[in-house]
Each structure stands twice: as structure tokens, then as C-alpha cells.
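K.L.:
Test case, fold it:
(one chain, ligands or ions: 2)
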Amino acid sequence: MDNTDWFETLREKGQGVVDALGLGHRPWMQEFAQLGSVGYAQGWHERNGGNASMRLTTEEVVALRYYTTTNQQNPWVPLGVEVPAMAEECLLVTAAGCAMERVAQDPARFMGLVQIDGTGAYGRVLWGFEGGGRPTSELASHVVIQGARKEASDGASRVVYHCHPRVIAALGSVWPEDKALITTRLWKMMTEAIMVFPEGLGLVPCEVPGSLELAEATAEEARTHRAIVWSRHGLLATGNSCEDAFGLAHVVVKAAEIYRDACALAGGPDLPYLMTTAELKRLAAGLNICLNEACLAE
Ligand code: 2HA
Ligand code: ZN
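P.N.:
Ligands and ions are numbered 1, 2, ... in the order given. Modelled structure (predicted):
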């Protein structure tokens, strides 16, 4: 019996049984919800900080169909952006104002499903946000990044994870808003960095959280970068799975922490034995990695 038959059987016994078992028990939903718990454990989600989205596969949308039929009448709401690449897609997103560490405890309340219309300019809620919730304030950014990454990855990229690691915000007061400089500093901190983000980090100067300006500037960076720093705010990491996106965030943050520690040990940002760019290039060549020249600085 495949999952659909199993669900069909449960449905015959009554919607209540299906609801009691709940969508939150689907492994892919749990994995998404747990982004909040693992990020919280890292200290990246103070109060309602951070949010996430996952573009669903056709199979996942089908698995949701019993839950969404009653919501087909929900109004289409303008997204504030128009992203044709996202037409007809369904995004699981965290709720506005929710504490990320609580998403896994009550998925139907702290996350929901947003269906995007055929133009990519409107969305409607098909499931979730129970108790009067609504999608994250950064929904426009999620839609544009999802669209840009979908196109850049031939449809493979599905997860956008946003968090507030303190070291990323702190470094905004220490380094210039220059993505080549920031990327190269982090590449030089540990050999893992060039393996995990050889295309470098995207950077968006400090912008109003939740604004369309932030979404649009982020879309531009997302075309060529899987991880983007929002200056004085936080980090966005994308990936083909939740594990992939979280792992990318983890490596970027670790490199930034090593930079912070090195500066602390050196008593300032002039690191006496900073890896040279020639050495960085030798490591990349030895690993068969093509570093993005646009992100390479001294
Ligand atoms: O959801 O992190 O950027 C709260 C935020 C806004
Ligand atoms: Zn944020």
C-alpha cells in the first residue's frame, strides 16, 4: 500500500482521524519544521527572528490535497512582487511572528502552505496558519529567491532558510559592504569554505526588513549565490533540501566565527598570518574548485 492508499483508508474513517495524525508527521514536513529547532539550538532565532520556505514537489502537493480542498476559496492576495518562475508553485512557509523553535511543536499553526497563481504575482493560503496566523513578513523575499534559485539550479533548489546568527550581524560593523572582500576573508579562514561556497557570498546592504527593496536586491544576488548576507540583519541560505540549506548556513557562520576569533586573537582585523590569495588559489586548484572571480579579493 503506498502512502496515498494509506491516506485514502484513513480518510474513509473520517477527516478527524486524518487531522489527528496530522500533516506535521510527514517526514518532509518535520524536516522543514525542525530547521527552526536546530537553528534555535545554535542561537540563531531569538524571539521571532528568522523564517523559512520550501517549494513542494508535485508528490508533496498531492499528499496535501485532503487538507487544501476546503481552502480553495481563499482570496488571492498580491505578493508585492511578480515572479513568473514561481507560477503555480506551492511554498510551505513559516508564520509571521512565530518563534522558530516552536514550529515543530505545532506545524499547522506556525507554518502554512501558500499557492502561487499562474502569473507569479498573487498567492493564497491553502493550509496552515491556524489561529489567525499569516505567512512570514519576508514572504516576498522568499518568493523571489525561490524563483531565482529554481532557475539557476534547473529546478533543484527548494529550500530558503533565513536566520540571525550574531556573528553575521556583528561583522556588519567591522567589515565594509563589499562581497568580494567578505567572501575572500571567509574563504581564507578554513579549507572547507571554498568547497561549500565556491561561488562566494551574496551581499545586500542594510535594508528595511520585510520590504520590497530588500526582496528585489536579494533576488539579484540569488541569481548567482546560494548564500546571501543581509547586512546588519542575518543570513539566507538556500539548498536542494533542508539539510543542504542548513549545512550551508552552518559553514558560513563557522567561517565567520573563525574570522571573529582570529581578529580577537590578533587584537584587530589585521591578521599577521592571513592566508595569501596565491595560497587560496593553490588550494582551490588542488581541490578542482573553480572560485568565482567576482568574489575574489586580496
Ligand atoms: O521573521 O527575521 O527578517 C522575522 C525576521 C525578519
Ligand atoms: Zn530576519
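K.L.:
For the closest residue to ligand 1 within the stretch 51-200 of the chain, which residues are in contact?
P.N.:
Nearest residue of the stretch 51-200 of the chain to ligand 1 (CB to the nearest ligand atom) works out as Asn51 at 4.4 Å. C-beta here means a position set from N, CA and C on the backbone, and glycine is covered the same way. With contact taken as CB atoms under 8 Å, 6 or more residues apart in numbering, Asn51 is in contact with 93-94, 100, 136-138, 142, 162.
K.L.:
With adjacent residues omitted, what lies nearest to Glu60?
P.N.:
In this structure, Glu60 finds its nearest non-sequential neighbour in Trp28, 6.1 Å apart by CB to CB, 6 or more residues apart in numbering.
K.L.:
count of residues packed around the one you found?
P.N.:
18 (other CB atoms under 10 Å).
K.L.:
Make sure it is indeed in a helix.
P.N.:
Yes. Counting by DSSP: H, G, I helix; E, B strand; the rest coil, Trp28 is part of a helix.
K.L.:
list the buried ones in the longest helix anywhere in the chain?
P.N.:
Assignment by DSSP state H gives helix 242-266 as the longest helix of the chain. Judged by neighbour count using 16 or more other CB atoms under 10 Å, the buried positions of helix 242-266 are 242, 244-246, 248-260, 262-263.
K.L.:
and stretch 290-298, how far apart are its ends?
P.N.:
This stretch, stretch 290-298, spans 17 Å end to end (CA to CA, to the nearest Å).
K.L.:
is the residue of the stretch 51-200 of the chain closest to ligand 1 in a bridge, and if so with what?
P.N.:
His162 (DSSP bridges).
K.L.:
Same check on Val114?
P.N.:
For Val114, the beta-bridge partners are Leu91, Val125 (DSSP bridges).
K.L.:
could you list every residue that touches it?
P.N.:
By CB under 8 Å, 6+ apart, the residues touching Val114 are 90-91, 93, 123-126, 135, 139.
K.L.:
Tell me how many other residues crowd Glu298.
P.N.:
8.
K.L.:
I figured it hits Lys188, correct?
P.N.:
No. Assessed by CB atoms under 8 Å, Glu298 is found out of contact with Lys188, at 10.1 Å.
K.L.:
In helices only, show me the contacts of Asn51.
P.N.:
Members of the contacts of Asn51 lying in helices (criterion: DSSP H): His142.
K.L.:
Show me which residues of this protein sit near ligand 1.
P.N.:
Taking CB under 6 Å from any ligand atom as the measure of proximity, the chain contacts ligand 1 at 48-51, 136-138, 162, 209.
K.L.:
what ranges of the chain fall below the confidence cut-off?
P.N.:
Low-confidence segments of the chain (pLDDT under 70): 1-25, 69-71.
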